[in-house]
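Enquirer: give me coordinates for this.
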Amino acid sequence: MKSRDEAGISAVLQSRIANSDAALRRYSPETTHVMEELLPPGIVAVERWDDDESAVLPPEERVQVSSAIESRLREFATARSCARQALSEIGFPPVPILRGSKGEPLWPAGVVGSITHCTHYRAAAVAMQTQVKAIGIDAEIHDALPMEVVNTVCVAEEIAWLQRASDCLHWDRILFSAKESVYKAWFPLTRRWLGFEQAAVRVEEAKNAFRVRPLVSLPVELEQTLTRLSGRFLVRNGFVMTAVYLT
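Expert: Numbers count the residues shown, from 1 in each chain. Next up is the predicted model:
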């Protein structure tokens, strides 16, 4: 989002790596289907807490990640495998899921969806476009954001809220993840960029929910839809998970 600032995102990735082992130690293998808790009926989610060693990328997908390191390739392949499993549950055959100009998954006609993957977690969620207009999901290691990333990700009102929020959770990471989910739902619907600084998130702690106020002009035909943008979050097993959907 703020140009998905390279320095800021690099700091996020470094903090993910530094905290991934601690997250894995907190993972309970009995806990599954966490992403489904954030989504309504009609949206199918498939997730994995490890790599799918049987996952094979079709040639069309492999060429798009040909320069990726091996661990990134495994994440990508497992996440795409989750996506194909989810598609099969709504009646679609396995197909390549390519990336668009902004990195967004290109779904079969009539499908909306979202993919996320981070260290030790991969997930995909899909639905028929006749039932759901847009979906965005995200998963992050539950740790504090580096301060330079907080200043990139958060607008003034969010920083003010962080200063008075309870210290039971890493709310800065939750805001980051929420904005990632928002963008993943926003872009396929509007075909417009949305920077971190172009949306304000208000967290409703007691409800594990958040509301989103876009700080940019909205497409007239989507104004009513996008002014009621909201989502839900969970913190589980050392991860933050967020989801946004529009029906």
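Enquirer: where does this structure have its least confident helix or strand?
Expert: In the chain, no helix or strand scores lower on mean pLDDT, DSSP states H and E than helix 6-26, which sits at a mean of 48.
Enquirer: can you list the strands that whichever helix or strand comes after that helix pairs with?
Expert: The element immediately downstream of helix 6-26 (helix or strand, assigned by DSSP states H and E) is strand 44-48. With DSSP bridges as the test, strand 44-48 is paired with strand 121-128 (antiparallel).
Enquirer: list the contacts of the strand it pairs with.
Expert: 35, 39, 42-49, 51, 75, 78-80, 82-83, 85-87, 90, 107, 110-117, 135, 137, 139, 239, 243, 245 (CB atoms under 8 Å, 6 or more residues apart in numbering). Placement of C-beta: from N, CA and C, glycine included.
Enquirer: which of the residues you listed fall within helices?
Expert: Using DSSP state H, 75, 78-80, 82-83, 85-87 are the members of those that sit in helices.
Enquirer: any stretches of this protein with poor pLDDT?
Expert: 1-32 (pLDDT under 70).
Enquirer: let me see the domain layout of it.
Expert: Taking automatic domain parsing as the criterion, the chain consists of the domains 27-137, 139-235.
Enquirer: now the strands for this structure?
Expert: Using DSSP state E, the strands found in the chain span residues 44-48, 111-118, 121-128, 134-141, 199-204, 209-214, 230-236, 239-246.
Enquirer: to Cys168, which of the ones you listed lies closest?
Expert: For those, the distance to Cys168 is smallest for strand 230-236, at 9.2 Å, taking CB to CB.
Enquirer: that closest one pairs with which strands?
Expert: Strand 230-236 pairs in its sheet with strand 209-214 (antiparallel), strand 239-246 (antiparallel), by DSSP bridges.
Enquirer: nearest to Phe176, out of those?
Expert: Of all these, it is strand 239-246 that lies closest to Phe176, at 8.2 Å by CB to CB.
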